[in-house]
Structure formats: C-alpha cells, structure tokens
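J.: Sequence and predicted structure below; questions after.
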Amino acid sequence: MTNPFYATDLHDLMPMEQALSMSGYDFMLGIKEGRFPAPPIAKLMNYALRVVADGHIEFRGTPTFDTLNPMGTVHGGWYGTLLDSAMACAVMTKVPKGMFYTTLEYKVNIIRSIPLGTEIDAIGDTDHTGRSTGVASGKIVGVADGRLYATGSTTCLIMAPK
C-alpha cells in the first residue's frame, strides 16, 4: 500500500473543478497511488485506501485508543465511518466524469466488538449504480482471522454540479 499523504488544510484538498474533470474511478485511483491527497478523516481515524477496482474499494485500518467509547470498546462511529467510506467510495468508482455523489443514507450492523489494535479491512461493493443513485454494501473483516465484525448498506445520490 502506498503511504498516503493527507490534506492538512483546505488548500491541500482538490478543487471541485479538478475532481469533476475525471471519472470517480480515476479520482479514487489517484488517491491510492498518492497523486491526490487522502482525506484528513482517514488520518484521524487511522485507515488508508488499499484497493481500488471498478465498483469495489478496500480500506485497511486499526482502531486506536482515541476511537474508544466510555465503555472502553471501539465506538460505533468508527465502524460507521469506515463502512461509509468504503461503500460510498465504491459508488464513487462508478461515477462518470463531470458528476459527483454524496451519501444519502447508510446503515451499520455491528456484529461483534473489534478488539483494540486489531487490523481490519473495510470492504465496499456496489450493488447498483444508475443515473441518479448508487447502492452499495459493505463489511468489516479482520485481516488476521477473517472474522466478520460489521456489515452495512448505503444509498448515494449521484448528481451534476449546479
């Protein structure tokens, strides 16, 4: 996996006009290859883009102490963030040049607690991508043991800029 460089301020983020000049697949591939900055949320939440394919994305991450809830377990928001990223970015790989997307809704089902420090893959796959919506599903699995920790689904809105 390429070591990503992360945007550290708004000037590091790609301007919308530049992002719209390429397909979503090319945009995601550029992040994976380190040609474009990875989003700051990925650094904050300790995950990085690992695989980009048509309709398929994989992020690898590890929950840290900073992701724990008051009970000492990994906060559900960490699961949600990684699944939202994987599923929505899978939709992004299907978005044509000149269009963009946003998450309309997503659902997360936590199956079991991820032990602190466990390396996981968050995997997203598109189920449908049309002119105005994309639907994807996702899962979080342990890298070492293949255990299923969570599943999710999303609907994304695909649109042209005004």
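T.: Arrived safely, thanks for sending. Numbers count the residues shown, from 1 in each chain.

J.: which residues in the chain form strands?
T.: Under the criterion DSSP state E, the chain contains strands at 47-53, 56-61, 100-110, 120-129, 133-142, 148-159.

J.: So which of the ones you listed is nearest residue 76?
T.: strand 100-110 (6.1 Å; C-beta to C-beta). In this view, the C-beta of every residue, glycine as well, is placed from N, C-alpha and C.

J.: can you pull the contacts of the spatially closest residue to residue 69 that is not a sequence neighbour?
T.: Counting by C-beta to C-beta, 6 or more residues apart in numbering, the nearest residue to residue 69 once its immediate chain neighbours are dropped is residue 75, at 4.3 Å. The neighbours of residue 75, taking C-beta atoms under 8 Å, 6 or more residues apart in numbering as the test, are 67, 68, 69.

J.: since we're on the second one, how many residues are nearby?
T.: Look at residue 68: counted by other C-beta atoms under 10 Å, it has 14 neighbours.

J.: Wait, it touches residue 113, no?
T.: No. Between residue 68 and residue 113 there is no contact under C-beta atoms under 8 Å: 10.7 Å.

J.: where do the contact lists of those two overlap?
T.: Contact criterion C-beta under 8 Å, 6+ apart; residues bridging residue 68 and residue 113 by contacting each: residue 74.

J.: need the contact list for the residue of the chain positioned farthest from its centre.
T.: Distance to the chain centre peaks in the chain at residue 71, reaching 25.9 Å (criterion: C-alpha atoms, centre = their mean). Residue 71 is in contact with no residue at all, counting by C-beta under 8 Å, 6+ apart.

J.: Likewise for residue 138?
T.: 83, 86, 87, 90, 122, 123, 124, 125, 151, 152, 153, 154.

J.: And for residue 12?
T.: Residues counted as contacts of residue 12 (C-beta under 8 Å, 6+ apart) are 6, 37.

J.: count of neighbours near residue 35?
T.: The criterion is other C-beta under 10 Å. On that basis, residue 35 has 12 neighbouring residues.

J.: how close does it get to residue 47?
T.: Counting by C-beta to C-beta, to the nearest Å, the gap from residue 35 to residue 47 is 19 Å.

J.: Please apply the same query to residue 11.
T.: For residue 11 relative to residue 47 (C-beta to C-beta), the value is 23 Å.

J.: ok, for residue 90, nearest residue in space, not its chain neighbours?
T.: Using C-beta to C-beta, 6+ apart, the closest residue to residue 90 is residue 124 (3.6 Å).
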